[in-house]
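A.B. asks: sequence and predicted structure, then a few things I'm wondering about:
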Amino acid sequence: MSDIYLEVNLHNLYYNLSKIKKQLNSSTMIMAVVKGNAYGHGSVEIAKALSEDVDYFGVGLLDEGVELRKNNIQQSIFLMGPSNDYKTIYDNNITMSICSLNELENLIKWTNNNQKKIKFHLKVETGMNRFGINYNQLEEIKLLLEQSTYAILEGIYSHFATTYKNNKNYVLNQKEKFDKYKTFFDNYYNDLIYHIANSENTIDFKHAHYNMVRLGNALFGPCNSQKNIGLKKISKVKSRIIYTKKVNKGENIGYGNSYKSKQNKIIGIIPIGFYDGMGLLKKPIGSRFLSVTKYYLKEIYRYLFRSKTIIYYEGLPLEILGRPNMQYTIVDITNIKIDNMIVEIKISPMFVKENIKRTYVSEVKN
Ligand SMILES: *Cc1c(COP(=O)(O)O)cnc(C)c1O
């Protein structure tokens, strides 16, 4: 067993899915969004666990879809972002997104030239203003689709820019726009998949379900919905205390003399630091450096300095002594009888680096 790991409880994953399913009509399809390594939980394992229970897997990058195929995931896979690597898309039987006239033209050209079928969903603009075709382009889209033999329109989708909870009117407005597109396509197609709702809006706004919903964070734990449907967190970061030591009163602990012990203490060392757990960037990336760095620093501050109690032993908070290091954090275990030496570290699985092992359990426990 590794000293530090992210323990994912698949029982809770199934539990969350069943809670969400209670909100849906039995015919509503489910796309499980497993982008970003399934929000840190391990996309292949999560996809394997859900493959009997969902209709589609949603990925953000083509490589993520290819990874699922390499690991024998047979379900339909939907690429939510743009790509023009038609060959890889075709070879891996991935359903793609088309977000503009130009993309549609290119797809039709490639599929006609190669006589290979590729399925796609058309992304329509309803208020997010990221990717998506506009309503006034629909006639042109229709003309293009008439020339298309191998590019197969399977669905129409959009994305909510906000939640029903935060801005109900904006959500209603986006839904109304989406309905206009649906009315248009209903004239020509009768079996398209329409989808717009993410987790929060699936839970709070039934009229946004159409015939498929796209579920991300609600599968993995409580989300920011208005309605509380009792979702459970599915993962915990756990670590063994790898080293213990007595420190005498008056001695310094850690870097920069950031902590001076006021009494005799027993300290424990946990192998997680900025590098493994917090995703601190080592190199600037372009002009986003400042904002990204600020973001991470804020997170680190939030987790480590203001609320120091992010490391727990059987529910009891352990004090973090001094500043956490790149790969180690020191905690005070003086008054705690540590039997199994396993502590829990409360950080988001999204911050838990890929090099930290994910382990999967399916027992009932919380
Ligand atoms: C990430 C994403 C989702 C899932 O969002 P959650 O709020 O995590 O449920 C759905 N659709 C698209 C297009 C996404 O990018």
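C.D. replies: Good, I have the coordinates. Residues are numbered from 1 along each chain as shown.
A.B. asks: right, and the ligand sits closest to which residue of the stretch 151-300 of the chain?
C.D. replies: Nearest residue of the stretch 151-300 of the chain to the ligand: residue 216, at 2.3 Å (CB to the nearest ligand atom). Where you see a C-beta, it was placed from the backbone N, CA and C, and this is true even at glycine.
A.B. asks: that residue contacts residue 197, doesn't it?
C.D. replies: No - with contact defined as CB atoms under 8 Å, residue 216 does not reach residue 197; the gap is 11.0 Å.
A.B. asks: the two: who's more crowded?
C.D. replies: residue 197 (27 against 20; other CB atoms under 10 Å).
A.B. asks: who's in contact with that one?
C.D. replies: 160, 205, 208, 209, 210, 213, 214 (CB atoms under 8 Å, 6 or more residues apart in numbering).
A.B. asks: buried subset of the residues you listed?
C.D. replies: Burial by neighbour count, 16 or more other CB atoms under 10 Å: within the contacts of residue 197 this picks out 160, 205, 208, 209, 210, 213, 214.
A.B. asks: can you list those residues in a markdown table and add pLDDT and distance to the ligand?
C.D. replies: Output for the buried ones among the contacts of residue 197, formatted as a markdown table (pLDDT from 0 to 100; distance: CB to the nearest ligand atom, whole Å):
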| residue | pLDDT | distance to the ligand |
| --- | --- | --- |
| 160 | 93 | 9 |
| 205 | 97 | 13 |
| 208 | 97 | 12 |
| 209 | 98 | 13 |
| 210 | 98 | 13 |
| 213 | 98 | 9 |
| 214 | 98 | 4 |
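A.B. asks: turn the residues you listed into CSV, including secondary structure.
C.D. replies: Formatted as CSV, these follow (DSSP: H, G, I helix; E, B strand; the rest coil):
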residue, secondary structure
160, coil
205, coil
208, helix
209, coil
210, coil
213, strand
214, strand
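A.B. asks: which two of those have the greatest separation?
C.D. replies: Maximum pairwise distance in the buried ones among the contacts of residue 197, criterion CB to CB, is 13.3 Å, between 205 and 214.
A.B. asks: would you quantify the distance from residue 123 to the ligand?
C.D. replies: 8 Å (CB to the nearest ligand atom, to the nearest Å).
A.B. asks: and that residue, what does it touch?
C.D. replies: By CB under 8 Å, 6+ apart, residue 123 lies in contact with 97, 98, 99, 131, 132, 133, 157, 158, 159.
A.B. asks: can you do 7 Å?
C.D. replies: By CB atoms under 7 Å, 6 or more residues apart in numbering, the residues touching residue 123 are 97, 98, 99, 131, 132, 133, 157, 158.
A.B. asks: pLDDT at residue 290, what is it?
C.D. replies: We note a pLDDT of 56 for residue 290 in this prediction.
A.B. asks: next: the one 10 residues further on.
C.D. replies: The predicted structure scores residue 300 at 64 on the pLDDT scale.
A.B. asks: cool, and residue 271?
C.D. replies: pLDDT for residue 271: 88.
A.B. asks: pretty sure it is touching residue 5, no?
C.D. replies: No - judged on CB atoms under 7 Å, residue 271 makes no contact with residue 5 at a distance of 10.8 Å.
A.B. asks: do you know the pLDDT at the most centrally placed residue in the chain?
C.D. replies: The chain has residue 39 as the residue nearest its centroid, 3.0 Å off, counting by CA atoms, centre = their mean. With respect to pLDDT, residue 39 scores 95.
A.B. asks: quick check: residues of this structure near the ligand?
C.D. replies: Contacts of the chain with the ligand, taken as CB under 6 Å from any ligand atom, map to 33, 35, 80, 159, 198, 199, 200, 214, 215, 216, 217, 218.
A.B. asks: tell me where the model's unsure across this structure.
C.D. replies: Of all residues in the chain, those with pLDDT under 70 make up the ranges 1, 255-258, 275-309, 338, 365-366.
A.B. asks: care to break it down by domain?
C.D. replies: The chain breaks down into these domains under automatic domain parsing: 9-220, 242-340.
A.B. asks: going along the chain, name the helices of the stretch 151-300 of the chain.
C.D. replies: Taking DSSP state H, counting those that start in this stretch as the test, the helices found in the stretch 151-300 of the chain are 168-186, 199-204, 217-220, 289-300.
A.B. asks: distance to residue 341 for the ones you listed - can I get that in a markdown table?
C.D. replies: Below are the helices of the stretch 151-300 of the chain laid out as a markdown table (distance: least, CB to CB, whole Å):
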| stretch | distance to residue 341 |
| --- | --- |
| helix 168-186 | 48 |
| helix 199-204 | 36 |
| helix 217-220 | 27 |
| helix 289-300 | 25 |
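A.B. asks: how about CSV for those helices, with mean neighbour count added?
C.D. replies: Formatted as CSV, the helices of the stretch 151-300 of the chain follow (neighbours: other CB atoms under 10 Å):
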stretch, mean neighbour count
helix 168-186, 16
helix 199-204, 24
helix 217-220, 24
helix 289-300, 13
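A.B. asks: and the domains of the chain: which comes nearest residue 348?
C.D. replies: Nearest of the domains of the chain to residue 348, taken as CB to CB: domain 9-220 at 7.1 Å.
A.B. asks: and that closest one, how far apart are its ends?
C.D. replies: Taking CA to CA, to the nearest Å, the first and last residues of domain 9-220 lie 10 Å apart.
A.B. asks: could you dump the buried ones among the contacts of residue 197 into a markdown table and include distance to residue 50?
C.D. replies: Shown next, in a markdown table, are the buried ones among the contacts of residue 197 (distance: CB to CB, whole Å):
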| residue | distance to residue 50 |
| --- | --- |
| 160 | 23 |
| 205 | 23 |
| 208 | 22 |
| 209 | 19 |
| 210 | 21 |
| 213 | 14 |
| 214 | 13 |
